[in-house]
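**Student:** Only the shape, not the letters, is given here:
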C-alpha cells in the first residue's frame, strides 16, 4: 500500500473512532447499593451538545469534545446523575477540567484527580471529564457519589496527559492557574486580545497559559505560550493579532517580531514571535524593556 | 417526594452546533463594541488608531422617539441601589420566610425612606396588573426564590392589587413549573410563560414534536405582539430546532403580548449570577426574557440587547422595581447552574434603576471571582452596555454617581 493510502486509512480509522460510542460502560443498577438507573442513558454528540449544556457548549467543542453520556440514578426519591464527557485526548480532557474545576477541593476517597463538593464532583480520568451531580446536595449522599464515581472509573482507562506546562517557567507560577487554550472561547476567558480566534489556534493547536506573581503588584501577570506547527503558521498568527488587536488595546510599538501595547487599565502587554512560538504576556504593571 | 433535578440549560443562550460553526470563524466580532460611553482612551504614544468592528443595526433609534413618561426608567430613584444583608436569611439551604420578609421591608424602607404601605403608592395603584418577572433557570439551586416572590406578592395584595392581577411570568412556561411557580403554590395568581417549547423534540429521531398547530405554526406564535418588536439586522437559523425554541426565525424579536398589552407594571426579580465574565442579572433577565427569537442575538449583540430591549416603552415605562435575589449567588459557570460555584450570600439588592443595580452587582461579582481565584477578564466590553444604558437615559452606570446603600 502506498504511503499516502496508508495515511488516508489511518486518518479514516481515527475519524471513525472519534464518531463511535464510548468504549466504557456506565454503572448498572445496584452497582452501588440501592441506586437504580432512571431510564436509559442519554447520549449527546457534538451536534446535540447545546441541548444539554447551553451557554457553555462552545468551550467544550473548542477544546475537543467527542460525546457525552448522561445517566441518572435514583434512590428513595433522591437523585444522582453522572455526566461523562469523552474528549479527543487526555490533554483535551485536562483542558476542560482545568477550566471547570475552580480551586481544586479534592475528596481523597475518589481515586483520581478531582474537585468535589456535596453538590458536584468533577473528575479527570483518561480522556474523560466526569461530573457526579447530587441535586439535593445532601451531605449524607457523599458515599453514594463516591461509590458511583468509583464504579465508573473502573471502566475508564487511565492515561497520563504528561505535563503540558513544562515549557512554562515554574518560578513565580500561581498554583492552579494553569490553563490550556485552543481558540476564541478559551482565550477570551483569560484576556481579550482581539475578536474571534485571533491567535489562530483553530481548535487544533493548544496553547499553554498560567499566571505569575509579580513583586509589588496587586495582581499577577498572565502568560500564554503557543508552539505552532511551524514558523509560517506562527508568523501568520502574529500578523493577524497585530492587524486585529482589540480597540481597547493601544499599540505602542510594533515590529516583525514584537508587539507592545497598553490596555484599558493602563497595564502593558507584550507579544513576541520567535520561530514557531508566539508568547504573550499581559497585565504587566510596568512597561517591559526592549529585551523582555 | 422526588427531588426535582435542575437542568443544565439556559435556553436564552442556546445555539446549536450549526450556528456555532457558522459564527465561530476568525474575524467574528466578539462583543458589542459600541463606542458610546467608553472610558477615556490613553494618550497617543506612537499608537495605531483602531476602530471597533461594525455593529449590527437595530431599530433602537426608532424606539427612542417615543416620548418618555413620568414613570420611565430609571424610575423614582435613579442611581440608588440598596443592599440588604442578613446572615440568617437561609437555613439548611432554604430561605427563612420571616427573615426574607424583614429584608424586603428594610430594603424598601431604605430605598424610598418610607414603610411598605407608604411606599406602595410610589410604584402602584390598586388597579394595576403587575407582572413579576422571575428567573427560573437552575431551579432550587440558583433560581429566583419563592420566598422573595412571596414577600412581594404580600406587599401587592396588602396594597389592594387583586390576586388575579398579579402575574408571575417568564419566557418559558415549563421552566416556571420546574422552579416551583405552580398554581398549587400560588392559588389565584396568574402564572404565565410567554411561550412553550417541546424539550423532547428531536427531528433526527423522527420525532414530530408538540410545538406546532395543525397549520405548522408555533403554538406560542399568538402570544407575541406583531406590532412591537426588536429588529436587528441579524439572521436566525432556519432549522426546526431553532423554531421550536424561538417561535420565529426572521430578523424580528417580538415582545410578549403579556408585556405589551396586559401588564401595567413590572417587578423584575433576577438572581445573582455570572455569565462568563459578565453578569446575568437585572437587565439580562428582561432583555432576553421579554422577547422571542433571541438565539441569533447573542454573538453579534449580546449585552447590548439587555440595554436596547429595556429602552422599549413596554419595559421602560412599566418597570418600577428590580430586586436581585442574592440569597445564594453563583460566581462562575453561569448562566448555567453550577453548584460548585454557588455560595450562600444572604443578600437582596433593590433599585428602580436596573443599570445602577447591575453595575453594583457586576463589581461585587468581579470581587467575588477574584477572591475565589477565578480568572477575570476585566475588559470594558463586559460593562459597556450599562454605560450605553446611561447614554440612552435609562439609568446611571457611572460608579461615581451610583449611591450604594447598605441596610
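**Tutor:** Arrived safely, thanks for sending. None of these values were measured; they are calculated from a predicted model.

**Student:** Tell me the helix or strand right after whichever helix in chain B runs longest.
**Tutor:** Across chain B, the longest stretch assigned as helix under DSSP state H is helix B:354-371. On the C-terminal side of helix B:354-371, the closest following helix or strand by DSSP states H and E is helix B:384-391.

**Student:** That next one to helix B:354-371, inter-axis angle?
**Tutor:** The directions of helix B:384-391 and helix B:354-371 differ by 160 degrees, with axes from the mean of the first three to the mean of the last three C-alpha atoms, to 10 degrees as the criterion.

**Student:** Flag every buried residue along helix B:384-391.
**Tutor:** Going by neighbour count (16 or more other C-beta atoms under 10 Å in any protein chain shown), the buried part of helix B:384-391 is B:384, B:385, B:386, B:387, B:388, B:389, B:390. Heads up, the C-betas are built off the backbone N, CA and C, glycines and all.

**Student:** surely the first one meets residue B:303?
**Tutor:** Right, residue B:384. Yes - contact status for residue B:384 versus residue B:303: in contact at 7.1 Å, counting by C-beta atoms under 8 Å.

**Student:** Please name the nearest non-neighbouring residue to residue 103.
**Tutor:** This is for chain A. Sequence neighbours aside, residue B:373 is the residue nearest to residue A:103 in space, at 5.3 Å (criterion: C-beta to C-beta, 6 or more residues apart in numbering or on different chains).

**Student:** not what I meant, chain B
**Tutor:** Using C-beta to C-beta, 6+ apart, the nearest residue to residue B:103 is residue B:84, at 4.6 Å.

**Student:** for that neighbour, which residues make a bridge with it?
**Tutor:** Assessed by DSSP bridges, residue B:84 has beta-bridge partners residue B:348.

**Student:** ok, it - contacts?
**Tutor:** When contacts are counted by C-beta atoms under 8 Å, 6 or more residues apart in numbering or on different chains, residue B:84 is found next to B:103, B:104, B:106, B:107, B:110, B:347, B:348, B:349, B:350, B:406, B:407.

**Student:** Return the subset of those lying in strands.
**Tutor:** Within the contacts of residue B:84, membership in strands is found for B:347, B:348, B:349, B:350, B:406, as judged by DSSP state E.

**Student:** between these, which is closest to chain A?
**Tutor:** Chain A has its nearest neighbour among the ones in strands among the contacts of residue B:84 in residue B:347, at 20.1 Å by C-beta to the nearest C-beta.

**Student:** who's in contact with the residue in the stretch 51-200 of chain A positioned nearest to chain B?
**Tutor:** Taking C-beta to the nearest C-beta, chain B has its nearest neighbour within the stretch 51-200 of chain A at residue A:119, 2.9 Å off. Under the criterion of C-beta under 8 Å, 6+ apart, the contact list for residue A:119 reads A:133, A:134, A:135, A:137, B:141, B:339, B:340, B:342.

**Student:** now these as TSV including distance to residue A:216, pLDDT and neighbour count?
**Tutor:** What follows is the contacts of residue A:119, written out as TSV (distance: C-beta to C-beta, whole Å; pLDDT from 0 to 100; neighbours: other C-beta atoms under 10 Å in any protein chain shown):
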residue	distance to residue A:216	pLDDT	neighbour count
A:133	43	91	24
A:134	44	90	24
A:135	46	79	22
A:137	42	85	17
B:141	41	88	21
B:339	38	84	21
B:340	33	84	21
B:342	35	93	25
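
**Student:** Please, where are all the strands along chain A?
**Tutor:** Remark: strands of chain A, listed N- to C-terminal, are A:36-45, A:65-75, A:78-87, A:113-116, A:120-125, A:128-134, A:179-181, A:207-212, A:221-227, A:250-254, A:258-262, A:268-274, A:277-284; assignment by DSSP E.
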